[in-house]
Every structure is written in C-alpha cells, then in structure tokens.
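1. Sequence first, then the predicted structure:
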Protein chains: 2
Amino acid sequence: MITIKDIAKEANVSEGTVDRVIHSRSGVSKKTEAKVRKILERHSFKVNPVASALAMKKKHQISVLIPEYNDSDLFWKSPYLGVLKAAEDVKNFGVYVSVFRFNQSDPVSYLNAFEDLLETKPTEVIMVPNFSDETKQIIKELEVLNIPYLFLNIDIKGFNNIAYVGQDSYTAGYVAGKLMHLNNPESSEFLIIQTLQNITKNNSISDRIEGFKDYFFKNEIKSNPRGLKLENLNDTLENQEVINSFLKNHPEIKGVFVPSSRIYMVVNCLEEHHLKNLQLIGFDNTPQNTECLINDSVAFLISQKPFDQGYKSVRLLADFLIQNKTPEYKTYLPIDILMKENVKYNGRDEFVSENNNAVEVF
Amino acid sequence: MITIKDIAKEANVSEGTVDRVIHSRSGVSKKTEAKVRKILERHSFKVNPVASALAMKKKHQISVLIPEYNDSDLFWKSPYLGVLKAAEDVKNFGVYVSVFRFNQSDPVSYLNAFEDLLETKPTEVIMVPNFSDETKQIIKELEVLNIPYLFLNIDIKGFNNIAYVGQDSYTAGYVAGKLMHLNNPESSEFLIIQTLQNITKNNSISDRIEGFKDYFFKNEIKSNPRGLKLENLNDTLENQEVINSFLKNHPEIKGVFVPSSRIYMVVNCLEEHHLKNLQLIGFDNTPQNTECLINDSVAFLISQKPFDQGYKSVRLLADFLIQNKTPEYKTYLPIDILMKENVKYNGRDEFVSENNNAVEVF
DNA sequence: ATTATATTTGTGTACGTACACGAAAATACA
DNA sequence: TGTATTTTCGTGTACGTACACAAATATAAT
C-alpha cells in the first residue's frame, strides 16, 4: 500500500505539500504541483479513507426530513431504519445524521419540522417532498443557504435536487398492470381505489395509476378500469359500505388495484366472497400487507425497497462528502414483485436497534 | 463520542488496561477488569472501527474459490464483481481478498485452484462447493488447518461451514412453478430441460426442479412435466434437433422450464413458431438471458442476485473478522422475479473496475 | 527479610492523513 | 543592497486504537 509519505519521498517534497496537491489546496507552485500530480497519477494513488476519516477535522451534518409512521401506516418505518443503519455506518467517518419527521397529512408540521431541521445547520439535506407548495418554500430557503438536497421516494420535477432515490413509479404501476392482466387474461375490468389525499399531494400514486392504465393501452388490451376515490383508507363502516356496494353493482370487476401502501385496509373492508373472487394488487411490504399475501387475500405486492431507499440516500451523500463521488442523478431502486412464496426472503429490514445513538431523532 | 481515554480516566487505570479488557486479553486482575467492564457497559462503549482498523497490526486474508466465467456463460462474472467490490470496501480495514477460479466442469482444476489458494495462507475461505467428492477432500484439509469456510451459491449439507450465502433453490423453483401456472392456468404440460452435468453435480438445479414440481403437487394441480436431459446446453445442431422434435411430438406442452442459467441457449435452439407459443421460464439475469426477456422470447427470469452473493459473502466474513459479528448461518438472498418491464432496474452490477487492485486474481 | 518470579499496570510508538503553524525561499519595493 | 511582503514549503501534532515493552506491584521461594 502506497502512502503519502512514499509519494513525498519520490517527489522530494514534504508530506504536507503532497497533501496540498491531493486536496487542491493553495500554496503550491505550479512546478511542484505538476511534479507531484504526475507521481500520484503514475501510482494511481488513492487516499486511505480510514486514515483520512480519523484525521479529518471537518465534520458533516446530514439532516433528514421524512414522514412519521404509526401503527396503522408503518410504511415510513423502513426508510427510517435504513437511514439509521447508514448513519451508524458513516458516523465514524465524520458524517452525522439527524432525522426530523412530519405528519404526512399536515403541511404545517412539514414546515415546522423543516425549521427545526435548519437548526442543525446541515451541510446536506435529504427530504421527502410531500407537499408541493410548501416544498417550493423549503427549497427556496435551502438554495439561499446553498445547501444541497436530495429527494427521497417522491420524484418532483423542476428543482435542482442533486439526486432522486426511489422507484420509477410509472413503471412500477405498469408492472402492476401486467400482473393484473396475467391472472385475468380474459377480463379487463378492474377497480382502482385511491384516496382524495393522494390525488392532490402525492404524484407517485398518480404515476402508478398512469403506468397501470398504460399497460393495457400500450398492449392494446381493451380495459375499462373504474376508479373509486375515498376520503381516507381506514377500516370504517362507511368505506366498507362504499366499496362493497360498488363491487356488488359492478360484478364484472375481477381485480382491485390499490396504488398506495394501504391495501390491507381494503382487505379489511371487503366482504368474504369478494376476497375469494377478486385479485388484489397493492404496494409495499408493510407487515400488514405481507400478512395479506400470506393468507391469500392479496395476490401481489410491489415493493419499492423502502429500507434501501433510506440507506442509499444517506450513503450516496456520505460518499459524496467523504470521497467526493458525485452521485447518479437518478437512483432507481428495483421494482420487486412479491407474492406469497417469495415474500419471506424479501425486504426484511436488517436489524438496527431503534435507540441507535448515531442519530438524533426529533 | 466516548473514547478509551475517557474510560481509562474514569476507571483510574491506563488506556492499555482498558484495551486489554476490551479485547479480553490476559494480564488484568479480576478486580480491575470488573471495574472497567462496568464502566464500558454503562457507557455502552463501542470501539471506533476506523481508528481500530488503522491501528490493527493483525491482517486477514480471505481467499475465494469460484468458477470462472466465459462469454457463453457469464453467470459467474457477477459474484466475482461482487467479491471485488467488497474487497475494495474492506481492504482499508486490513482484510485482503484473493480470488481463485476453476473450470466448472473439471474437478481437477477445482483441486488445483484450491492448492494454489492454500498458498495465500487464508484466515478464511469462501467457496462454491461444486463437486461433491472433491469438496469433501478440500474441507478435510481446511478443517485440519482450522480455517473457517463459507459456502457460496451452492448449499451442500453435512459440513461445518460457518454460513451459506445464496438462494433457497427449492423455493425459487416453487416460485417458478407458480409463474408457469399463472400464465397457463388451463394447461399443466411442461418441459424441463437440464443437462447431464447438472444432474450429477449441482444440487441447486435439482432443488429447483423439485420445488417446481412441488408447486403443482402441493396445490393439487394435475400436471405432467416432461424432462429432457441433454449432454450440454450449447447451441448445437444436435440440441436443436432434439428439442424441436421433442416439442413437435408433444404439442400439448405449453411451457419450458430451464432450471439453469442457460435458457438463452434453449431460445437459440427453438424454432420460431415454438418461441411464439411457449412460455419460457429460466434463471439468472445474465446479459444474454436479459436480452431474451426484452425481445419477448422468455416470460420470466428468476434472479438469485449473484452480485450480492459475492458481495455479502465477503462482507459477512469481514464483519466477523473486524467487528467479531457472528454471521447468520443461512443468508438467503431474495428470489427476484424479473420480467420485461422491471428487468432494467434490477441487478445491474454496480460498477467496479475489473483491474481492481484490492484483489489478487488467479 | 531478601531475592526471584509471576502478575498486573503504565508508557510510548505506530497506523496514514489533515491541517495549523512557522520556516524558508521567492518576489516586490525602496 | 537591504527590508518588507508574499508565496511556497516543511514540521509537528492530533485523530482513537493496538500492541510491544518497560515499570511497578504482588506473590512465591529461600
């Protein structure tokens, strides 16, 4: 292993000078810089990241803004655990991570969490751009402060985010369409259930729906997907009533597509005979959804690898900070097709203790 | 961040003593050990792996024994790249990796490669136990030398390997069965093509076949899978003749299952009209196989995440060596279902330069 | 009690890099 | 030519841990 000392010796300069060249610091004459750079090149010298990390004075602060999770919607737990795990991995490299959470249906909490986040004086920000208008406001602040930001899970256009980490929602929906069709080659009458919330705020949901419909369109399969827009997707009497009666009035429907992570709620709402006869396809391997796969009430889930989303986001930025690796602009994660038989090998979030002391959580 | 120095100060002992306690080295009185250990406990002290790696005198050598790859069978390139990448990640932690390759159809090259491998004086070995008898011989040597070994990709029973990293082949085959059935709910006449080679040597192939058949059996779908055993799976006139005439004689066959990574060879052999009418399912996202997905000649591929297999094996051992984390005995990787629409987001091996200087390759 | 031996503890250096500080050399200005 | 200023460079210390070696203390043997 070749070291700075070796390079210095070969160039007849001091280690300090080599260090200056490596980091393009000022105070080196053009002549010696050229000399040193050539030798570095010849040996294809790479700094030892371990030693570098130990010596590094400059610390980095990555602050993360993501939705909170609760028992009825566990989706955001996985990205959170992914962030935690990555934080553990990078903390000894001088990169510290703080997580701030907001209520997914409350724009004010989004802004408040962001204000709190700013107090950590982040060098970089990872965020889930959940509300369109408020995001504009936040981004404006970040750009004034010259803080690079990365979008996680939701891919909004029109901003200068240094990367997007998440799924290609359109294609994921397209895949869902194909799976739906596979099981029902003869029929193309489906129901798509979404919430009003989703419609206004989360464009990954609408991208999925667009992809789903496009599958039939592009493959020239005539289909007539119905849409049902509910206030929320909780297991309420009202929802049960609405869904079941809709299905009763439309017996031609053979499948239900739920482009959110709440298909288990639909399962809870459905009457037994519907569960038997319908093919259900949803998103995300939350524990409740996975349970539905196992007990045969749901045919397929598409996972967007939420743990990996959190993990990758942090690692991407950390590698950028530590090793100056510019990240890919789009980091699309796989579109995982889960069914009863293969779900057990998928997406178990690697174990991380929740009171991980590498992360501040707010 | 709490350091050894802090602990030492609090316990009124020297840093050396704390170090001895942390590493359970000898030469500490029971009294002081208890005192120090309690303080370590209270602060839940963890050594800084970065500083530790830098200071560590003891180096580790992981040597890897895997099949070689060539243009017509690229499968083993991915695990190899995974090993390379992991090697790069751990080399600064004092873990060095060497790779030795053998000809997958030549037991002698297997033994020879192992003899070469031994000369690196490995502290741990990662191996693909490709030949049953020769493996026994190899393992015996390893156990005499007291070198822990890990099985990669092929899960042979009856040895004391510290872990297996790979897929659950039986379940993967089961999933393949389900996918086959999905597309052909009315018919259950299939053809399974394997090579004689596979039959004797590689039991993951037979596990896949068993799983495939069991899907129909356990779900009480009557099926009559035919088997075709070829000398090899190359695109020879002979194979074309055999396969096509078999299919002509069995027009009831609706699908072909190839439980190896060579389904693209079958595609090459098949006459055009068969390609149109048959549903093909195979394993592994090699470039050639992926191409078959994209041009619609193959319906599904099941990926065993070969890159990850290589990567994880090395990381598992390295974490064991560096941080003393005992690995899970079985590390099953996901059963990835790939089709035309989602293949592009799957399993692209992360870029690694092949002349990676973190690894010696033989 | 004295010396010898074993046990326990402390000290110092090394790992490879980052960076502050000061010394030396080069240039500017008088 | 001499001094002031800027530019260029070298030296030294720190990061947190590992481990060799030396020092100090405790135990055994005489």
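-> On my side now, so go ahead. These numbers come from a predicted model, not from an experiment.
2. near chain B, which residues of chain A?
-> A:44, A:48-51, A:53-54, A:92-93, A:167-168, A:171-172, A:174-175, A:178, A:182-183, A:215, A:332-337, A:339, A:341-342, A:345-347, A:357 (CB under 8 Å from any CB of the partner chain). The way it works is simple: take the backbone N, C-alpha and C, and place the C-beta from them, glycine included.
3. Of those residues, select the buried ones using a PyMOL command.
-> Burial among the residues of chain A next to chain B is assessed by 16 or more other CB atoms under 10 Å in any protein chain shown; the matching PyMOL selection reads:
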select buried, chain A and resi 48+49+50+51+53+54+92+93+167+168+171+172+174+175+178+182+183+215+332+333+334+335+336+337+339+341+342+345+346+347
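4. and the residues of chain A next to chain B, which of them are in helices?
-> Counted as lying in helices by DSSP state H, out of the residues of chain A next to chain B, are A:49-51, A:53-54, A:171-172, A:174-175, A:178, A:182-183, A:215.
5. which of those are close to DNA strand C?
-> A:51, A:54 (CB under 7 Å from any atom of the strand).
6. Would you check the ones in helices among the residues of chain A next to chain B and say which has the weakest pLDDT?
-> Least confident by pLDDT among those: that is A:Asn183, with 78.
7. about what we covered before: possible to save the ones in helices among the residues of chain A next to chain B as TSV with distance to DNA strand D?
-> TSV is the format used below for those (distance: CB to the nearest atom of the strand, whole Å):
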residue	distance to DNA strand D
A:Pro49	13
A:Val50	9
A:Ala51	7
A:Ala53	8
A:Leu54	4
A:Thr171	45
A:Ala172	44
A:Tyr174	50
A:Val175	47
A:Lys178	52
A:Leu182	54
A:Asn183	55
A:Tyr215	54
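8. Could you tell me which helix of chain A is the longest one?
-> Chain A, longest helix under DSSP H: helix A:306-323.
9. and that helix, anywhere near DNA strand D?
-> No - judged by CB under 7 Å from any atom of the strand, helix A:306-323 stays clear of DNA strand D, getting no closer than 14.6 Å.
10. can that helix be found next to DNA strand C?
-> No - using CB under 7 Å from any atom of the strand, helix A:306-323 stays clear of DNA strand C, coming no nearer than 9.3 Å.
11. how far does that helix sit from the chain's center?
-> 11 Å (CA atoms, centre = their mean, to the nearest Å).
12. same check, this time on stretch A:4-14
-> Counting by CA atoms, centre = their mean, stretch A:4-14 comes out at 45 Å from the chain centroid.
13. can you check stretch A:206-217 too?
-> Relative to its parent chain, stretch A:206-217 has a centroid offset of 21 Å by CA atoms, centre = their mean.
14. tell me which residues in it are buried?
-> A:206-213, A:215-216.
15. so which residue of the stretch 51-200 of chain A comes closest to DNA strand C?
-> Here the residue of the stretch 51-200 of chain A nearest DNA strand C is A:Ala55; by CB to the nearest atom of the strand that distance is 2.7 Å.
16. Make TSV out of the buried residues of stretch A:206-217 and add secondary structure.
-> Formatted as TSV, the buried residues of stretch A:206-217 follow (DSSP: H, G, I helix; E, B strand; the rest coil):
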residue	secondary structure
A:Ser206	helix
A:Asp207	helix
A:Arg208	helix
A:Ile209	helix
A:Glu210	helix
A:Gly211	helix
A:Phe212	helix
A:Lys213	helix
A:Tyr215	helix
A:Phe216	helix
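17. which one among these gets closest to A:Gln137?
-> A:Ser206 (22.4 Å; CB to CB).
18. what pLDDT does that closest one get?
-> Taking A:Ser206 on its own, its pLDDT is 90.
19. for A:Lys229, same thing?
-> pLDDT at A:Lys229 comes out at 89.
20. Surely it is in contact with A:Thr195?
-> Yes - contact criterion CB atoms under 8 Å: A:Lys229 and A:Thr195 qualify, at 7.0 Å.
21. so what's whichever residue of the stretch 151-300 of chain A sits closest to DNA strand D up against?
-> Closest to DNA strand D within the stretch 151-300 of chain A is A:Ile162: 29.0 Å, counting by CB to the nearest atom of the strand. By CB atoms under 8 Å, 6 or more residues apart in numbering or on different chains, A:Ile162 lies in contact with A:148-150, A:320, A:327, A:329.
22. Cross those against strands and list the overlap.
-> Within these, residues falling in strands by DSSP state E are A:149-150.
23. quick one, which of A:Lys229 and A:Thr195 is more surrounded?
-> Shown here are A:Lys229 and A:Thr195; by other CB atoms under 10 Å in any protein chain shown, A:Thr195 has more neighbours (23 against 13).
24. The more buried one and A:Ile66, how far apart?
-> Note on A:Thr195: its distance to A:Ile66, by CB to CB, to the nearest Å, is 20 Å.
25. And A:Phe300, by the same measure?
-> From A:Phe300 to A:Ile66 the distance is 26 Å (CB to CB).
26. Ok, A:Gly94 next?
-> 23 Å.
27. if you count what's nearby, which of the two comes out ahead?
-> A:Ile66 (24 against 20).
28. correct me, but A:Gln167 touches A:Tyr332?
-> Yes - using CB under 8 Å, A:Gln167 is in contact with A:Tyr332, at 6.5 Å.
29. Figure out how far stretch A:158-170 is from the centre of its chain.
-> 9 Å.
30. Also stretch A:169-182?
-> The answer for stretch A:169-182 is 19 Å, by CA atoms, centre = their mean.
31. again, but for stretch A:76-95
-> Here stretch A:76-95 shows a centroid-to-chain-centroid distance of 13 Å under the convention CA atoms, centre = their mean.
32. How about that stretch and DNA strand C, any contact?
-> No - with CB under 7 Å from any atom of the strand as the criterion, DNA strand C is not reached by stretch A:76-95; the gap is at least 9.3 Å.
33. any idea of the pLDDT on A:Ile322?
-> pLDDT at A:Ile322 comes out at 85.
34. Name all residues that make contact with it.
-> Applying CB under 8 Å, 6+ apart, the residues contacting A:Ile322 are A:49, A:52-53, A:90, A:93-95.
35. isn't there a helix covering A:Ser204?
-> Yes - counting by three-state DSSP, A:Ser204 is located in a helix.
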